[in-house]
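J.: Got a sequence here, can you build the structure:
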Amino acid sequence: MAQAPILSWEGLGLQQGGGWLFTDLDLHIAPRDRLALIGRNGAGKTTLLKLVADQIEADKGKRSIQPGTKVVVLEQEPDVAAHATLMDYALSGDDAPQPYEVEAIADQLGIDMTRDAKSASGGERRRAAIARALAMDPDLLLLDEPTNHLDLAAIDWLEDWLGRYTGAFIVISHDRTFLTRLTKATLWLDRGSLRRKEVGFGGYEAWEEQVYAEEARAAEKLDAKLKLEAHWLQRGVTARRKRNQGRLEKLYDMRAQRAAMLSPQGAAKLKVVADDTKTKAVITAEHVSKSFGDRAIIRDFNLRIQRQDRIGIVGANGAGKTTLLKMLTGELEPDSGSVQLAKTLSGVMIDQQRSLLSDEKRMRDILAEGGDWVDVRGQRKHVQAYLKDFLFDPSLVDARVGTLSGGERSRLLLAREFARTSNLLVLDEPTNDLDLETLDMLQEVIADYDGTVLIVSHDRDFLDRTVTITLGLDGSGTVDVIAGGYADWEAKRKKPAPAKEAKKASAGGSSSAPPLPPQKKTKLSYKDQRDFDLLPGRIEELEAAILADEEAMADPDLYASDPAKFAKLTKALEDKRAEKDAAEERWLALAEEVETLEG
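T.: Here you go, the predicted structure:
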């Protein structure tokens, strides 16, 4: 039996800039809801959270809440400036948590709450805000980009806490892995309307594609040449998914090639497999070490980075990611060893410094110095067309930067930097404040980039979709070099150490000694081989079944004449699409493994 909602909005509407941001929204939140709130930058996601929390007043609608329900907001940018310490901030307000409860959570997050609030870093402020919010024991928790500025350890901790949490939550996040692991239903705020579906974020993209495809078919059926608004036309959902599938296949190929060049023990040395490898190297690190005081940050690190490599750098805050990045780009000298950069290397650093964008300038000023044309890596392109490439409405070319949201400013900064001629891109936490569509676009741009890319990021899904090699730092000075993304590094860390190596380490042996070579896998398991052989046929069957269902649903009279059949077809189509996506991902993973075994 469905539980009564703890909070509801009926007929919710809010005006903004002389028009309705959204109107006639209905929202009902049950006691154990785990809701992902999805929508483009500017759709009003944060505003909707504030309305749910009763922080701002609606222009119409009725808000109902069960007596005694405590609603707590974890804001995207916590304002700590008015407080002396982070603990003062955490204990502020009329409904402050108990100090011992804040301290208990802060200890687990690794944050010193006596820290001066004004000089605290973004990560420290975020941890303090999390400690405050969770210590308040909310019935409904509203999370606005909770993983921003958090390292991987803190994200894992927060995921675990929310997994055990007995209340309800709504979360806005660009972190696909976070959303997929935690959410059970999805709210989609799109063009002023709010849709809800009882599937977690893992099923959102298939649902989104289905909705847009149905809109496109409806427009065609009307035969009025209706022009769907820029959201659909710019995204081109189905076409983009097909392109991204091709890019993933290319990425898997590149990973397999790089895996073949790694030394058998998986340490940081790369084999020279051909004479022309040397000519492709753009950055070569040999026996690099770096310490600060008595602490070894990087120890005996070796790597040859080639043109078109996509290198991801991951690890906890303080593990040495920035130090390694600066040494690889020549900004910082190692204590020992050497880093050689190709003489032709020309780099662009994208570090999300939105403060460099003046509020008074127009978008055309940022991209084209006030003109109509922008030089995009040596090719002339009209500024409005270039704006469209980065998911902006071209008519906004004369909009002031000050009118843009934080995510839109980040996207504008990306557009400016990607236009510059370069053969090395350095991206430091590029995914902060970006919506999911912009992340898709950024993945495409990186995949099509002809040079080398270095990425520091805590976004696990982004790394899995983007990089060919992951450099994983555990804080001990050792750098794991893994052909693949974050998931590959995580799998490597979870493998138990070989017995002899573990014994040596316990006896005080060097942690930098190479581990015993694992027994080489020579073929797929029976189940994997069976899946590899049979999945292509199953995918073809699903494609044919999906096409048949789509043709049946194209009947404009079906819904009115037989709503039960329409609902049954809709559910069947959704299930088949989900099965097809899972089958394709499974087969691609097996194909990558086969290539590795054959190589």
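J.: Low-confidence bits of the stretch 451-599 of the chain, can you list those?
T.: Scanning the stretch 451-599 of the chain for pLDDT under 70 picks out the ranges 495-522, 554, 556, 559, 595-599.
J.: Neighbours of residue 565, how many?
T.: The tally of other residues near residue 565 (other CB atoms under 10 Å) stands at 14. Every residue, glycine included, has its C-beta placed from N, CA and C.
J.: same check, this time on residue 159
T.: By other CB under 10 Å, neighbour count at residue 159 equals 16.
J.: right, and it touches residue 178 too?
T.: Yes. Contact criterion CB atoms under 8 Å: residue 159 and residue 178 qualify, at 6.4 Å.
J.: Please identify the buried residues of stretch 378-396?
T.: For stretch 378-396, burial by neighbour count (16 or more other CB atoms under 10 Å) applies to 381, 383-384, 386-387, 389-392, 396.
J.: now do stretch 570-583
T.: Residues of stretch 570-583 classed as buried by neighbour count (16+ other CB under 10 Å): 573-574, 576-578, 580-581, 583.
J.: now the helices: where do they sit in the stretch 101-250 of the chain?
T.: 122-135, 152-164, 176-182, 204-222, 230-235, 237-261 (DSSP state H, counting those that start in this stretch).
J.: nearest to residue 358, of those helices?
T.: Closest to residue 358 of the helices of the stretch 101-250 of the chain, according to CB to CB: helix 122-135, at 21.9 Å.
J.: could you give the angle of the closest one to helix 152-164?
T.: Angle of helix 122-135 versus helix 152-164, following axes from the mean of the first three to the mean of the last three CA atoms, to 10 degrees, is 20 degrees.
J.: now for helix 122-135, which elements pack on it?
T.: strand 71-74, helix 86-90, helix 99-109, helix 152-164 (3 or more CB pairs under 8 Å, 6 or more residues apart in numbering; DSSP states H and E).
J.: ok, residues contacting the first one?
T.: Contact partners of strand 71-74, identified using CB atoms under 8 Å, 6 or more residues apart in numbering, comprise 7, 49-50, 52-55, 65, 129-130, 133, 136, 138-144, 146.
J.: Distance to residue 206 and secondary structure added to the buried residues of stretch 570-583, as JSON lines?
T.: JSON lines is the format used below for the buried residues of stretch 570-583 (distance: CB to CB, whole Å; DSSP: H, G, I helix; E, B strand; the rest coil):
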{"residue": "573", "distance to residue 206": "9", "secondary structure": "helix"}
{"residue": "574", "distance to residue 206": "7", "secondary structure": "helix"}
{"residue": "576", "distance to residue 206": "10", "secondary structure": "helix"}
{"residue": "577", "distance to residue 206": "5", "secondary structure": "helix"}
{"residue": "578", "distance to residue 206": "6", "secondary structure": "helix"}
{"residue": "580", "distance to residue 206": "9", "secondary structure": "helix"}
{"residue": "581", "distance to residue 206": "6", "secondary structure": "helix"}
{"residue": "583", "distance to residue 206": "13", "secondary structure": "helix"}
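J.: Save these as a markdown table, and put in distance to residue 284 too.
T.: Putting the buried residues of stretch 570-583 into a markdown table (distance: CB to CB, whole Å) gives the following:
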| residue | distance to residue 284 |
| --- | --- |
| 573 | 52 |
| 574 | 50 |
| 576 | 49 |
| 577 | 46 |
| 578 | 45 |
| 580 | 43 |
| 581 | 40 |
| 583 | 41 |
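J.: thinking again about what came up before, deepest of the helices and strands packed on helix 122-135, which one?
T.: Comparing the helices and strands packed on helix 122-135 by mean neighbour count (mean count of other CB atoms under 10 Å), helix 86-90 ranks first with a mean of 24.
J.: could you give me the average pLDDT of it?
T.: For helix 86-90, mean pLDDT rounds to 95.
J.: So which bits of stretch 415-427 are buried?
T.: Buried-residue list, stretch 415-427, by 16+ other CB under 10 Å: 415-419, 422-427.
J.: can you redo those as TSV with secondary structure and distance to residue 287?
T.: As requested, those are exported to TSV (DSSP: H, G, I helix; E, B strand; the rest coil; distance: CB to CB, whole Å):
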residue	secondary structure	distance to residue 287
415	helix	40
416	helix	38
417	helix	33
418	helix	34
419	coil	38
422	coil	28
423	coil	26
424	strand	23
425	strand	27
426	strand	23
427	strand	27
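J.: List just the nearest of these to residue 555.
T.: Of all the buried residues of stretch 415-427, residue 555 sits closest to residue 415, with 43.0 Å by CB to CB.
J.: Is residue 31 in a helix, a strand, or coil?
T.: What DSSP: H, G, I helix; E, B strand; the rest coil gives for residue 31 is coil.
J.: burial of it, as a residue count?
T.: When neighbours are counted by other CB under 10 Å, residue 31 comes out with 16.
J.: go on, residue 350?
T.: Neighbour count for residue 350, taken as other CB under 10 Å: 20.
J.: So it is in contact with residue 429, correct?
T.: No. Using CB under 8 Å, residue 350 is not in contact with residue 429, being 9.6 Å away.
J.: circling back: of the contacts of strand 71-74, which count as buried by neighbour count?
T.: 7, 49-50, 52-53, 65, 129-130, 133, 136, 138-144, 146.
J.: show me the contacts for the residue lying closest to residue 15 once chain neighbours are set aside.
T.: Spatial nearest neighbour of residue 15, chain neighbours left out: residue 59 (4.9 Å); criterion: CB to CB, 6 or more residues apart in numbering. Going by CB under 8 Å, 6+ apart, residue 59 touches 13-15.
J.: From residue 39, how far out is residue 59?
T.: Remark: distance between residue 59 and residue 39 (CB to CB, to the nearest Å) = 19 Å.
J.: so how far is residue 100 from the residue positioned nearest the centre of the chain?
T.: The residue lying closest to the centre of the chain (CA atoms, centre = their mean) is residue 175, at 3.9 Å. From residue 175 across to residue 100, the span is 30 Å (CB to CB).
J.: which residues touch the residue nearest to residue 75 when sequence neighbours are not counted?
T.: Residue nearest to residue 75 in three dimensions, not counting chain neighbours: residue 144, with 5.7 Å by CB to CB, 6+ apart. Contact partners of residue 144, counting by CB under 8 Å, 6+ apart, are 45-46, 49, 73-76, 172.
J.: Likewise for residue 194?
T.: Residue 194 neighbours (CB under 8 Å, 6+ apart): 22, 25-27, 48, 187-188.
J.: Cheers, nothing more for now.
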